[in-house]
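[1] What would the 3D arrangement of this be:
(chains A and B)
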Number of protein chains: 2
Amino acid sequence: MLNLVGVKRKALRSYEPLTDDDLIAEIRELASRLRGLRVLHLNSTAYGGGVAELLVSLVALEKDVGLDVEWRTMGEDEAFFKVTKRIHNALQGQPYDMTDEERATYLRCNEAAAGALNGQYDAVIVHDPQPAAVRHVAGRRGARWIWRCHIDTSEPDAGVWAFVEPYVEEHDAAVFTMAQFVPPGLAVSRLEFIPPAIDPLSSKNRDLPDDLARALVGEFGVDAERPLMVQVARFDPWKDPAGVIQAYRLVKAELPEVQLALIGSMAGDDPEAWEIYRGITETDRDDDLFVFTNLVGVGSLEVNCFQRASDVVIQKSLREGFGLAVSEGLWKRRPVIGGAAGGIPLQLQDGVGGYLVTTVEQCAERALYLLRHPEEARRVAEAGYQVVRRRFLMPRLLRDELRLLCDVTTGTSARRPEERVVR
Amino acid sequence: MLNLVGVKRKALRSYEPLTDDDLIAEIRELASRLRGLRVLHLNSTAYGGGVAELLVSLVALEKDVGLDVEWRTMGEDEAFFKVTKRIHNALQGQPYDMTDEERATYLRCNEAAAGALNGQYDAVIVHDPQPAAVRHVAGRRGARWIWRCHIDTSEPDAGVWAFVEPYVEEHDAAVFTMAQFVPPGLAVSRLEFIPPAIDPLSSKNRDLPDDLARALVGEFGVDAERPLMVQVARFDPWKDPAGVIQAYRLVKAELPEVQLALIGSMAGDDPEAWEIYRGITETDRDDDLFVFTNLVGVGSLEVNCFQRASDVVIQKSLREGFGLAVSEGLWKRRPVIGGAAGGIPLQLQDGVGGYLVTTVEQCAERALYLLRHPEEARRVAEAGYQVVRRRFLMPRLLRDELRLLCDVTTGTSARRPEERVVR
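    Predicted structure coming up:
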């Protein structure tokens, strides 16, 4: 079964004031060459998590510039979600002994997806490991097949990677966020590196009045007059919520008025998150420590408000595909403390946007520094904002993906040699 | 186990511009008599559903005016949630054969709650059937006990009511939304009727720029240029989502550009909702029919945006405690079509706020009428707005509850005979 996801209406025109003219011109030029190209995006879920969020905007813009684009998801299957969550974690490095039954579940769902595939496409973009075997089962069908990996697969569990790798290698191209993420030994015809991006016009990122942001966090019990640290991340060990809480306690010892808000959306394919959430809320209670989810009325606009009302944005990931919340924080001109993991250093360097940290103590020290030096915090945040404006907004991602589609469907290179994709 | 819920900071002062001076004066006067009164609110959950939403604001305002108020919830227990959901439905009239084991589960959790009660209170307000036996187990403990029923218990399942009634009758007062909701035969020392209210300053109801509302619904794929019907309600058979969809189809046959958005928050204590949600999304697909939950980034601000961007608000409940979404829609000056059930006729009469309906066909006919007569729709909505302003905002509820607390704790009546609580 494959569910068709409704494609939203978005206009590239609306993004023009936010980005550079030559980027928009290049998109228009690429799009004129690709007009009517039949593209299928295939992933596991239409909601929850960064990939779905990214596709909502990217697919809409591809449609707006003239591609004949569809987005389909693999449908709901509890057993499949469980297995692929484990595969996801294993490809990020967590040891995992996959059973024969789990392999069978994975293949059964990929076979069902392949069997439901009945459109004609010029290109199929398969996102992440969940649908990675669809190409194998379905055959080429006259399309070019692209595997788009959004996670850090630099040190995958060997057994799980050995299972997934042959399926990946049947694709015409594999795309990773950065070169460091390519698993050892991958042999694929074409390798590309394209980091994701945020949508500056989405409810998560659009401009909002400051008084709305302050009133909103006030309504959730946060004192908008006192310093606030915010981490927006799923409740996942890789996002290190426990480490963030420890860092907050160290900061609080020096600056008793500090508050921390952990905000996590419960994704549809994430049964583990509840356990971690319960662990935090039951053992770490504190009047200035807030834990919010989509279950208490926190949606995208609310996340936007919390980021805007924060004094320091934290993204203390231990392993990270990209960490969209870093760019989200910087786009709101907030200083960000990020874990030196995955795609975070692409968005953030020490002194440009905030600081990279590897330990709880560093995280606390940098947060305290930023909270005590608001002028410096503003300067650092502004520098990070400029980086995001140039490199991590949706039009740049659209441009990179159109280049890739030109390359794989026409066999010629759309890439101008002097203008490499950002690393 | 009893969880303490953090009480938010809200100031009665902020509500003054929105309501009448003499109401505020009466609140201040009552509060001066009740200063320091130790009040406990006890319910089953801190999030999801109207009761939790109401307590967030009410408890905060009671604290602001000087009461020593606490809010505690009964903690998480899957078996208890299941049983009490069934009791809830049975008290609303759904037949239900309660087993001995279910009775034991109910009593076990009430005993645990009573055992965890160790504060000294002047008044304990017990909300809904979940904690109704706590008074029985705990004994009086020097407090006055009030049972606050938020649902329509006019025709309860006889067996379930026979189980619950003796516990209810041990309270010093029972409060219902309206007189019609009192179950047959209830013998309790004092009966009060107090309808709930909405918080005009919450993120769900606060004023928002129109362009934000329109952009937000656009982002979710709704065409803000075309007519939009919106129902905000849990996915529950009593809210009749199936009937709303049928009415929408009838409207669409006449007015093909119409759109429908069903928005439901998945409450923590509501395991049934998922089944209904899946039923709708799998069988009723249509490009102009939208189903959104808190799982796709829809929080309180987003609900606010959807209500503001709608042309007609629907609340087609078949049975209803109160239907806060009716007042929410009217407060945003939207015309509302409501089921003639429970507390909805308190908020809405034909021509004042919108229309009351009992059938799918009536609902479609009224919606079509309002969509085709925008001037009349505006007039009707404005009349409804004035009703909500006078009768269904939080300060009026605070006043009524302070009156009741005066009555039960001092034994004297705080009620002025000429000024009855709204019916």
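[2] and the gap between the residue nearest to A:Gln307 when sequence neighbours are not counted and B:Asp211?
    Excluding its sequence neighbours, the residue lying closest to A:Gln307 (Cβ to Cβ, 6 or more residues apart in numbering or on different chains) is A:Lys332, at 5.1 Å. For glycine as for every other residue, the C-beta is placed from the backbone atoms N, C-alpha and C. As for A:Lys332, its distance to B:Asp211 is 19 Å (criterion: Cβ to Cβ, to the nearest Å).
[3] got the end-to-end distance for stretch A:329-342?
    The straight-line separation of the ends of stretch A:329-342 (Cα to Cα, to the nearest Å) is 17 Å.
[4] show me the contacts for A:Val222.
    A:Val222 makes contact with A:Leu228, A:Gln259, A:Ala261, A:Phe290, A:Ala309 under the criterion Cβ atoms under 8 Å, 6 or more residues apart in numbering or on different chains.
[5] Include pLDDT, secondary structure and neighbour count when you put those into JSON lines, please.
    Converted to JSON lines, the contacts of A:Val222 look like this (pLDDT from 0 to 100; DSSP: H, G, I helix; E, B strand; the rest coil; neighbours: other Cβ atoms under 10 Å in any protein chain shown):
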{"residue": "A:Leu228", "pLDDT": "98", "secondary structure": "strand", "neighbour count": "23"}
{"residue": "A:Gln259", "pLDDT": "97", "secondary structure": "strand", "neighbour count": "23"}
{"residue": "A:Ala261", "pLDDT": "96", "secondary structure": "strand", "neighbour count": "25"}
{"residue": "A:Phe290", "pLDDT": "91", "secondary structure": "strand", "neighbour count": "19"}
{"residue": "A:Ala309", "pLDDT": "97", "secondary structure": "helix", "neighbour count": "24"}
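[6] between those, which is closest to A:Ala162?
    Here the nearest of the contacts of A:Val222 to A:Ala162, counting by Cβ to Cβ, is A:Ala261; it sits at 41.4 Å.
[7] Quick check: beta-bridge partners of that closest one?
    A:Val230, A:Phe290 (DSSP bridges).
[8] That one contacts A:Phe306, correct?
    Yes. Using Cβ atoms under 8 Å, A:Ala261 is in contact with A:Phe306, at 5.9 Å.
[9] which neighbours do the two share?
    Jointly contacting A:Ala261 and A:Phe306 under the rule Cβ under 8 Å, 6+ apart are A:Val217, A:Val230, A:Phe292.
[10] could I get those as a markdown table with pLDDT and neighbour count?
    Listed next are these as a markdown table, based on pLDDT from 0 to 100; neighbours: other Cβ atoms under 10 Å in any protein chain shown:
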| residue | pLDDT | neighbour count |
| --- | --- | --- |
| A:Val217 | 91 | 24 |
| A:Val230 | 98 | 28 |
| A:Phe292 | 87 | 24 |
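[11] Need those residues in JSON lines (columns: distance to B:Asp68).
    As requested, the shared contacts of A:Ala261 and A:Phe306 are exported to JSON lines (distance: Cβ to Cβ, whole Å):
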{"residue": "A:Val217", "distance to B:Asp68": "26"}
{"residue": "A:Val230", "distance to B:Asp68": "32"}
{"residue": "A:Phe292", "distance to B:Asp68": "27"}
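[12] what sits against the residue nearest to A:Gln307?
    By Cβ under 8 Å, 6+ apart, A:Lys332 lies in contact with A:Asn205, A:Asn304, A:Gln307, A:Arg308, A:Val313.
[13] Run through the residues of the stretch 151-300 of chain A sitting next to chain B.
    A:201-204, A:206, A:208-209, A:212, A:215-216, A:218-221, A:223, A:265-268, A:278, A:287, A:294-300 (Cβ under 8 Å from any Cβ of the partner chain).
[14] of these, buried ones?
    With burial judged by 16 or more other Cβ atoms under 10 Å in any protein chain shown, the buried subset of those is A:201-204, A:206, A:208, A:212, A:215-216, A:218-221, A:265-268, A:294-300.
[15] taking the residues you listed one by one, which sit in helices?
    Counting by DSSP state H, those place A:Leu212, A:Ala215, A:Leu216, A:Gly218, A:Glu219, A:Ser300 in helices.
[16] Identify, from these, the entry nearest to chain B.
    Chain B lies nearest to A:Ser300 out of those, by Cβ to the nearest Cβ, at 3.8 Å.
[17] mind checking how far that closest one is from B:Phe220?
    Look at A:Ser300 and B:Phe220: by Cβ to Cβ, they are 10 Å apart.
[18] Quick check: neighbours shared by these two?
    Jointly contacting A:Ser300 and B:Phe220 under the rule Cβ under 8 Å, 6+ apart are B:Glu302.
[19] What are the boundaries of the strands in the stretch 151-300 of chain A?
    With strands called from DSSP state E, counting those that start in this stretch, the stretch 151-300 of chain A shows them at A:173-176, A:191-193, A:228-232, A:259-264, A:289-293.
[20] ok, now the stretch 1-150 of chain A?
    Under DSSP E, counting those that start in this stretch, the stretch 1-150 of chain A gives strands at A:3-4, A:38-43, A:68-73, A:123-127, A:144-148.
[21] which outside residues touch the first one?
    Residues outside strand A:3-4 that contact it (Cβ under 8 Å, 6+ apart) are A:Ala46, A:Glu70, A:Trp71, A:Arg72, A:Thr73, A:Met74, A:Gly75.
[22] How about the third one?
    Residues outside strand A:68-73 that contact it (Cβ under 8 Å, 6+ apart): A:2-5, A:7, A:36-46, A:55, A:59, A:62-63, A:119, A:121.
[23] Quick one, which of those residues are buried?
    Neighbour counting by 16+ other Cβ under 10 Å classes A:2-3, A:5, A:7, A:37-46, A:55, A:59, A:62-63, A:121 among the contacts of strand A:68-73 as buried.
[24] give me the residue from the stretch 201-350 of chain A nearest chain B.
    Residue nearest to chain B within the stretch 201-350 of chain A (Cβ to the nearest Cβ): A:Gly299, separated by 2.7 Å.
[25] Closest one of the shared contacts of A:Ala261 and A:Phe306 to B:Val126?
    The nearest member of the shared contacts of A:Ala261 and A:Phe306 to B:Val126, counting by Cβ to Cβ, is A:Phe292 at 27.1 Å.
[26] Surely the closest one touches A:Ser265?
    No. Here A:Phe292 lies out of contact with A:Ser265, judged by Cβ under 8 Å, at a distance of 9.7 Å.
[27] got any residues that touch both of these two?
    A:Val298.
[28] thinking again about what came up before, considering the strands of the stretch 1-150 of chain A, which stretch scores lowest in mean pLDDT?
    Per-stretch mean pLDDT for the strands of the stretch 1-150 of chain A is lowest at strand A:3-4 (a mean of 86).
[29] Report the angle between the lowest-mean-pLDDT helix or strand in chain A and strand A:289-293.
    One helix or strand of chain A scores below all others by mean pLDDT, DSSP states H and E: helix A:273-283, with a mean of 77. Interaxial angle of helix A:273-283 relative to strand A:289-293 (axes from the mean of the first three to the mean of the last three Cα atoms, to 10 degrees): 150 degrees.
[30] Which strands or helices does helix A:273-283 pack on?
    Contacts defined by 3 or more Cβ pairs under 8 Å, 6 or more residues apart in numbering or on different chains; DSSP states H and E place helix A:273-283 against helix A:241-254, strand A:259-264, strand A:289-293.
[31] on contacts alone, who are the packing partners of the first one?
    Yep, that's helix A:241-254 we're talking about. In terms of contacts (3+ Cβ pairs under 8 Å, 6+ apart), helix A:241-254 is packed against strand A:228-232, strand A:259-264, helix A:273-283, helix A:360-372.
[32] what's the angle between the third one and strand A:259-264?
    Translated: helix A:273-283. With the same axes, to 10 degrees defining the directions, helix A:273-283 sits at 160 degrees from strand A:259-264.
[33] What sits closest to the most centrally placed residue in chain A if chain neighbours are left out?
    Geometric centre of chain A, nearest residue: A:Gly50, 3.6 Å, by Cα atoms, centre = their mean. What sits nearest to A:Gly50 in space, not counting adjacent residues and going by Cβ to Cβ, 6+ apart, is A:Leu324, at 5.0 Å.
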